[in-house]
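Peer 1: Model the following, please.
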Amino acid sequence: MKNLVFTKLVLLVVLSSLSAEDAVGGFPMKGSRPNVVFFLGDDQSRFNHTSYGHPTVPTPTTAALAKESLVFDKAFTGQAICAPSRSMLYTGLYPLRNGCFMNHTKVRPGIETLPSLLKERGYTVVLAGKSHVSPDQSFPWSHRFLPVEKPGASRHWIPLEEIDRFLADPGPDPYCLIVASEFPHSPYMEKTRFKAGDVVLPPYAKQSDSAKEAAAHYYANIEQKEMELAALLKLLDKHGQREKSVFFYADDHGMERGKFTSYDSGLNVAFMVRWPGKVAMGRSKALVSFADFVPTMIELAGDRPQGFDGKSLLPVLAGKATHHHDYVYGVTVNQGTLGRHVFPQRSIHDGRYHYIHNFNTLERLEREEKVGREVDYFLKKGAARYPTHREEMLFDTQSDPHELRNIAQDPEYAAIKEKLKNRLFLWMKEQNDYLSEDGPVPFLQAKDRFGLDKRDERNRIPTEYVNRLKGRKVDPHAVTAPK
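Peer 2: Here you go, the predicted structure:
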């Protein structure tokens with residue numbers, strides 16, 4: 001009898017010592033070293049999913065996946081553009097800190113990434129599909145499966161045959177398989193079964209017939225991505241991986257009034273996690289970030305994540321926590337893009353209120369000129385692209401989910417704005433940002449074809465301004481280097 005009592009007491013102590021991230025429903029999570037598959041869409045807003053409320057967009061596969069998953073309503077990338085968003089996902093660091101805060105640029109030398117971190121912990125790490133991260137030596141994938149041509153498709157498809165072969169014999173180690181689609185990114189399908197009448201555009205988009213006609217072709221690209229996802233899920237079932245694998249779905253960032261901006265339509269992404277028997281199905285309002293993926297993987301591998309901007313999602317996935325981050329942050333840098341111009345933005349979101357600070361508005365330049373400071377041509381050109389943008393923007397995304405009403409000047413919200421603004425500028429200092437509230441807005445070095453002072457079809461500057469910035473551009477890594 002005494003032995004039985006002692007055994008029960010030991011069992012109670014063991015069970016009570018399990019942390020929130022250690023178990024859900026009796027299944028171990030932390031250190032369980034599962035296989036992980038992450039499907040990443042390209043250029044699709046959260047608002048363009050039926051599982052997030054859109055009435056007509058063709059997303060049957062993600063809608064079905066959502067019913068089997070924990071769906072996050074408040075998941076954010078840190079920058080609404082391809083390379084920075086992906087670099088953040090693969091480093092656990094915001095763009096300014098990992099160094100890739102302009103498109104088509106590299107992460108900072110010495111930054112550890114998902115493949116290097118997981119290979120050190122005994123994982124096979126595979127990238128199948130689109131890359132758009134660099135340099136190659138910073139991303140030492142165990143295997144790299146390139147996108148493949150698909151007859152009739154407007155872009156390359158994910159390499160399903162190579163994925164099939166890998167899943168048939170992945171080897172003795174657990175694996176992390178990143179499947180990165182090129183869809184629904186442009187160019188769009190020439191042929192589409194959708195009509196302009198099928199299209200429902202968000203309220204911030206132009207509601208013209210031509211816009212709806214263009215969106216009908218965008219719908220066709222979304223359909224291609226859904227077909228890819230369906231084929232991948234079928235392969236996982238074929239190889240008995242549904243129960244054995246954690247499956248993540250996300251899009252890298254939004255598109256319409258989203259890409260290259262700090263609006264929620266760019267930064268607030270679709271994000272869902274399926275792990276049968278271990279992650280409960282439903283929806284979460286926890287504020288989560290792309291920076292959380294690497295720490296989550298580190299903890300699944302059995303180690304304690306340290307030094308990241310994100311933190312492990314396991315407490316939320318285990319159903320033991322409903323709160324994750326107090327704030328998430330956003331960065332916009334339009335230098336280094338095809339539509340190159342100077343209009344940097346920084347933002348902070350507390351899950352409801354979203355504060356955006358614009359650093360090169362007409363409002364700011366007028367203030368500079370009034371005190372006798374000369375304003376550079378390229379700064380004027382960048383500010384003129386956004387004539388209605390105020391220096392400060394604040395949105396209540398609960399009552400105004402499409403961010404149509406800027407309440408930054410409303411006295412009723414002054415305290416909220418000031419709190420968010422102060423926290424944003426503190427974070428910027430922590431990230432070694434090159435911007436400050438009243439400091440200069442520098443010109444950043446970029447690849448020659450994205451030069452602000454290079455004249456071409458996308459950048460029709462006057463002849464006298466060609467090469468005008470020679471010697472005045474700063475190295476992006478140098479101006480954000482840890483101090």
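Peer 1: so where's the stretch 1-150 of the chain uncertain?
Peer 2: Where the stretch 1-150 of the chain drops to pLDDT under 70, the residues are 1-28.
Peer 1: where along it do the strands fall?
Peer 2: 23-24, 27-28, 35-41, 70-76, 124-129, 143-145 (DSSP state E, counting those that start in this stretch).
Peer 1: Out of these, which is closest to residue 212?
Peer 2: The closest of the strands of the stretch 1-150 of the chain to residue 212 is strand 35-41. By C-beta to C-beta, the value is 21.8 Å. No exception for glycine: its C-beta is placed from N, CA and C like everyone else's.
Peer 1: so what secondary structure elements neighbour that closest one?
Peer 2: Judged by 3 or more C-beta pairs under 8 Å, 6 or more residues apart in numbering; DSSP states H and E, strand 35-41 is in contact with strand 175-180, helix 209-238, strand 245-251, helix 293-300.
Peer 1: just how off-centre is it within its chain?
Peer 2: Offset of strand 35-41 from its chain centre (C-alpha atoms, centre = their mean, to the nearest Å): 14 Å.
Peer 1: in its sheet, what does that strand sit against?
Peer 2: Taking DSSP bridges as the criterion, strand 35-41 forms sheet pairs with strand 175-180 (parallel), strand 245-251 (parallel).
Peer 1: angle of that strand against helix 293-300?
Peer 2: Using axes from the mean of the first three to the mean of the last three C-alpha atoms, to 10 degrees, the inter-axis angle of strand 35-41 relative to helix 293-300 is 170 degrees.
Peer 1: Just the C-alphas of strand 35-41, formatted as PDB.
Peer 2: Output in PDB follows, covering the C-alpha atoms of strand 35-41 (Å, rounded to 0.1, in the frame of the first residue of the first chain):
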ATOM      1  CA  ASN A  35       9.400  15.900 -39.400                       C
ATOM      2  CA  VAL A  36       8.300  19.300 -40.400                       C
ATOM      3  CA  VAL A  37       6.900  20.500 -43.800                       C
ATOM      4  CA  PHE A  38       6.400  24.200 -44.500                       C
ATOM      5  CA  PHE A  39       4.500  25.300 -47.600                       C
ATOM      6  CA  LEU A  40       5.100  29.000 -48.500                       C
ATOM      7  CA  GLY A  41       2.900  30.900 -51.000                       C
END
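Peer 1: circling back: can you put the strands of the stretch 1-150 of the chain in a markdown table and add mean neighbour count and distance to residue 467?
Peer 2: Shown next, in a markdown table, are these (neighbours: other C-beta atoms under 10 Å; distance: least, C-beta to C-beta, whole Å):
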| stretch | mean neighbour count | distance to residue 467 |
| --- | --- | --- |
| strand 23-24 | 18 | 60 |
| strand 27-28 | 14 | 61 |
| strand 35-41 | 23 | 38 |
| strand 70-76 | 23 | 38 |
| strand 124-129 | 23 | 38 |
| strand 143-145 | 18 | 38 |
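Peer 1: nearest to residue 193, of these?
Peer 2: Comparison of these against residue 193 by C-beta to C-beta identifies strand 35-41 as nearest, at 20.0 Å.
Peer 1: how far out from the middle of the chain is the host helix or strand of residue 418?
Peer 2: In this structure, residue 418 sits in helix 414-430 according to DSSP states H and E. Mean C-alpha position of helix 414-430 versus that of the full chain (C-alpha atoms, centre = their mean) differs by 22 Å.
Peer 1: before we move on, what about stretch 254-270?
Peer 2: So, by C-alpha atoms, centre = their mean, the centroid of stretch 254-270 is 9 Å from its chain's centroid.
Peer 1: Identify the residue nearest the geometric centre of this protein.
Peer 2: residue 77 (2.9 Å; C-alpha atoms, centre = their mean).
Peer 1: Might you report the residue contacts of it?
Peer 2: With contacts defined as C-beta atoms under 8 Å, 6 or more residues apart in numbering, residue 77 is in contact with 85, 88-89, 252-253, 267, 269, 289-290.
Peer 1: Can you show me the helices along the chain?
Peer 2: 2-17, 60-67, 82-91, 95-98, 114-119, 160-168, 209-238, 264-267, 293-300, 314-317, 362-370, 377-384, 414-430, 476-479 (DSSP state H).
Peer 1: returning to what we had before: select, out of the strands paired with strand 35-41, the one closest to residue 159.
Peer 2: That would be strand 175-180 among these, by C-beta to C-beta, at 8.9 Å.
Peer 1: The closest one versus helix 160-168: what angle between them?
Peer 2: 170 degrees.
Peer 1: Give me the contacts around strand 175-180.
Peer 2: So strand 175-180 is contacted by 35-40, 42, 86, 114, 118, 123-131, 158, 163, 166, 232, 297 (C-beta under 8 Å, 6+ apart).
Peer 1: Is residue 201 in contact with residue 212, as I believe?
Peer 2: Yes: with contact defined as C-beta atoms under 8 Å, residue 201 reaches residue 212; the gap is 6.5 Å.
Peer 1: Name the residue in those two with the higher neighbour count.
Peer 2: residue 212 (19 against 16; other C-beta atoms under 10 Å).
Peer 1: quick one: contacts for that one?
Peer 2: 196-197, 199, 201.
Peer 1: Mind doing that once more with 6 Å?
Peer 2: 196, 199 (C-beta atoms under 6 Å, 6 or more residues apart in numbering).
Peer 1: For residue 356, see how far away it is.
Peer 2: Residue 212 is 28 Å from residue 356, where distance means C-beta to C-beta, to the nearest Å.
Peer 1: Just the buried subset of the contacts of residue 77, written out for PyMOL, thanks.
Peer 2: Of the contacts of residue 77, the buried ones can be selected in PyMOL as follows, counting by 16 or more other C-beta atoms under 10 Å:
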select buried, resi 85+88+89+252+253+267+269+289+290
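Peer 1: Now the contacts of residue 77 in TSV, please, with extra columns for distance to residue 343.
Peer 2: Output for these, formatted as TSV (distance: C-beta to C-beta, whole Å):
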residue	distance to residue 343
85	18
88	21
89	24
252	21
253	17
267	16
269	22
289	24
290	23
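Peer 1: shaky segments in the stretch 351-483 of the chain?
Peer 2: For the stretch 351-483 of the chain, no range has pLDDT under 70.
Peer 1: Isn't residue 173 up against residue 124?
Peer 2: Yes: assessed by C-beta atoms under 6 Å, residue 173 is found in contact with residue 124 at 5.0 Å.
Peer 1: before we move on, back to that, identify whichever of the strands paired with strand 35-41 lies nearest to residue 68.
Peer 2: strand 245-251 (8.8 Å).
Peer 1: could you point out where the stretch 201-350 of the chain is predicted with low confidence?
Peer 2: In the stretch 201-350 of the chain (pLDDT under 70), no residue qualifies.
Peer 1: Give me the buried positions along stretch 284-301.
Peer 2: So for stretch 284-301, counting by 16+ other C-beta under 10 Å, buried means 284, 286-301.
Peer 1: residue contacts, residue 117?
Peer 2: By C-beta under 6 Å, 6+ apart, residue 117 has no neighbours at all.
Peer 1: cutoff 7 Å now
Peer 2: 294, 298 (C-beta atoms under 7 Å, 6 or more residues apart in numbering).
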